[in-house]
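In: output the structure for:
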Amino acid sequence: MGTKARWISIVIIVLTIVGLIVLWELNKPDKPDVWGYFGSTPESMKGKYFNSIDEAVDAFAKAYAEDAMVNQYDIYYYVTDKFKKQHQIPGVIMFKMAVDNEKNEILHAAPFYINEKGNKYSVIAEGISESTERIKESPKYVFFTQPIDNYVYDFIISKEKKYLPRTDTVINLKNHKLFIAIDCHDRFQEEIE
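Out: As a prediction, the model looks like this:
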């Protein structure tokens with residue numbers, strides 16, 4: 001009987017250790033070190049329309065980077081049927097920016113929006129952000145929310161795709177080894193609920 005009790009004790013101890021390791025792995029903080037950057041549309045881009053999305057985004061990114069005083073940046077956006085239908089396509093400009101006098105740089109994500117009107121494209125940015133209760137806090141991702149026109153956009157950034165909640169689109173930020181999920185909600189529907 002003593003041997004049986006000893007084996008049961010060993011199994012319980014092993015299962016407890018394995019359970020603690022699994023809990024630790026699931027809850028260990030692994031947030032990406034990314035800050036939101038909320039600049040307004042550059043003056044040189046206000047009211048300008050272009051013949052293609054790429055042309056509009058390239059011109060906007062150059063003007064935006066110049067205003068933010070950064071030299072290197074990456075542009076990410078993905079056109080979905082939902083975004084096409086609402087004539088507004090969200091995206092982000094990713095860039096590193098010095099945060100103190102010692103030249104420590106932090107990665108920033110700056111949201112922008114491609115607007116389509118009569119097969120012409122313009123790009124805007126808004127210098128505002130807001131909080132939301134739609135997205136739960138997590139040690140695995142950072143997020144920010146931005147209201148634009150009739151919509152509210154959620155931007156969720158994680159090191160691994162599997163930790164992102166279900167959204168309208170997920171973009172692989174290849175150069176930064178991150179993923180960004182973008183979700184769009186009707187602004188007025190939010191206020192009713």
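
In: buried ones in the lengthiest strand in the chain?
Out: As assigned by DSSP state E, the longest strand anywhere in the chain is strand 105-117. Across strand 105-117, burial judged by 16 or more other Cβ atoms under 10 Å covers Leu107, His108, Ala109, Ala110, Pro111, Phe112, Tyr113, Ile114, Asn115, Glu116. No exception for glycine: its C-beta is placed from N, CA and C like everyone else's.

In: just checking, what packs against that strand?
Out: Identification of packing neighbours for strand 105-117 by 3 or more Cβ pairs under 8 Å, 6 or more residues apart in numbering; DSSP states H and E yields strand 34-36, helix 53-68, strand 88-98, strand 120-124, strand 141-148, strand 151-158.

In: 7 Å instead, please
Out: strand 34-36, helix 53-68, strand 88-98, strand 120-124, strand 151-158 (3 or more Cβ pairs under 7 Å, 6 or more residues apart in numbering; DSSP states H and E).

In: which of the ones you listed sits closest to Ile12?
Out: Shortest distance between Ile12 and the helices and strands packed on strand 105-117, using Cβ to Cβ, is found for strand 151-158: 35.0 Å.

In: that closest one: which residues count as buried?
Out: Tyr151, Val152, Tyr153, Asp154, Phe155, Ile156, Ile157, Ser158.

In: export only the CA atoms of the next helix or strand after it, formatted as PDB.
Out: Toward the C-terminus, strand 151-158 is succeeded by strand 169-173 as the next helix or strand (DSSP states H and E). C-alpha atoms of strand 169-173 as PDB (Å, rounded to 0.1, in the frame of the first residue of the first chain):
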ATOM      1  CA  THR A 169      -8.200  41.500 -41.200                       C
ATOM      2  CA  VAL A 170      -4.700  40.500 -39.900                       C
ATOM      3  CA  ILE A 171      -1.600  41.900 -41.500                       C
ATOM      4  CA  ASN A 172       1.900  40.400 -41.100                       C
ATOM      5  CA  LEU A 173       4.300  43.200 -40.200                       C
END
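
In: quick one: buried residues of strand 169-173?
Out: Result for strand 169-173 [16+ other Cβ under 10 Å]: buried residues Thr169, Val170, Ile171, Leu173.
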